[in-house]
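**Q** what's the 3D shape of this:
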Amino acid sequence: MALLPGKRPKHEKISDPAAYAARDGKGAFQVTAQWNPWGDAAAHYTTTSHFGQTGRTKWHNNCGPTAVSNLLCMYRAKYLGQKSGTELARAMYADTARYGTSRLYFINSTSPFHGTSDFRAGGFILHSFQRLLGVTPKIRPRRLTPENAIASLEAGAALYLMLLHHPEYGSHHLIGYGMKKLERPSTGEVRYFLQVADGHAAMPRYLDMADFEKTLSIYYEVIFPV
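**A** Numbering: from 1, shown residues only. Here you go, the predicted structure:
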């Protein structure tokens with residue numbers, strides 16, 4: 001098992017997993033199972049168009065505080081029944097990003113030293129929820145596999161993903177909140193795709209779980225008290 005993924009030709013980010021999986025021309029895929037405990041509570045605010053600047057502050061390499069802010073919005077929608085509009089989301093983001101920089105969870109810079117620490121992201125999530133919503137989630141690191149991701153989703157968790165040298169996203173933080181299992185009827189081949197708020201598009205996107213089969217990729221499982 002490698003710590004980093006091997007080189008692979010880049011493709012566009014995935015919005016239609018069935019079409020993506022069928023590109024090899026060997027037959028169509030069908031969705032045979034799906035896990036989506038977050039439903040329409042998922043939030044898809046982005047690093048640039050939504051959170052690229054707040055007040056006089058421009059934010060750079062800000063996928064970490066964007067992911068935390070999307071998760072804050074998701075919690076409010078699912079557990080409090082309160083949708084977060086853009087104005088509130090931006091206010092929570094600005095607070096979260098400023099707090100992150102003050103504690104060095106996040107470095108707002110375009111220099112080689114920038115972004116959100118993988119090792120400290122769990123603390124960033126925890127303290128952001130405690131400060132803004134008075135909630136203490138349970139957070140633990142897990143290896144990113146289809147089995148672990150499905151178990152987390154079945155427990156009602158969200159996945160705080162930390163990608164490293166990913167072929168589409170490079171090094172990037174984002175939120176996983178659903179899974180689709182696809183099968184090719186003609187061959188029985190099975191593929192898994194993780195549904196994500198990637199911080200780049202204001203819509204659901206997907207990660208091909210095959211990209212993580214031979215690499216050690218870690219996510220934080222975030223479970224909220226009910």
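**Q** all helices of the protein, in order?
**A** 17-21, 63-79, 86-102, 121-133, 146-154 (DSSP state H).
**Q** in this protein, which residue is closest to the centre?
**A** Ile175 (1.8 Å; C-alpha atoms, centre = their mean).
**Q** Correct me if wrong: it contacts Asn70.
**A** Yes - under the criterion of C-beta atoms under 8 Å, Ile175 makes contact with Asn70 at 5.3 Å. Glycine gets a C-beta too; all of them are placed from N, C-alpha and C.
**Q** Overlap in contacts, those two.
**A** Shared contacts of Ile175 and Asn70 (C-beta atoms under 8 Å, 6 or more residues apart in numbering): Ala197.
**Q** Tell me the residue in the protein that is farthest from the middle.
**A** Centroid-distance maximum for the chain: Ser186 at 32.1 Å, with C-alpha atoms, centre = their mean.
**Q** Check the gap between the nearest residue to that one once chain neighbours are set aside and Ala18 for me.
**A** Counting by C-beta to C-beta, 6 or more residues apart in numbering, Ser186 lies nearest to Gly27, which is 4.1 Å off, once chain neighbours are set aside. Taking C-beta to C-beta, to the nearest Å as the measure, Gly27 falls 11 Å from Ala18.
**Q** Hmm, Glu183 is touching Thr32, no?
**A** Yes - taking C-beta under 8 Å as the definition, Glu183 is a contact partner of Thr32 at 4.6 Å.
**Q** ok, the two, which is more surrounded?
**A** The residue with more neighbours, out of Glu183 and Thr32, is Glu183; 16 against 11, by other C-beta atoms under 10 Å.
**Q** Just list whatever residues bridge to the more buried one.
**A** Judged by DSSP bridges, the bridge partners of Glu183 are Gln30, Val190.
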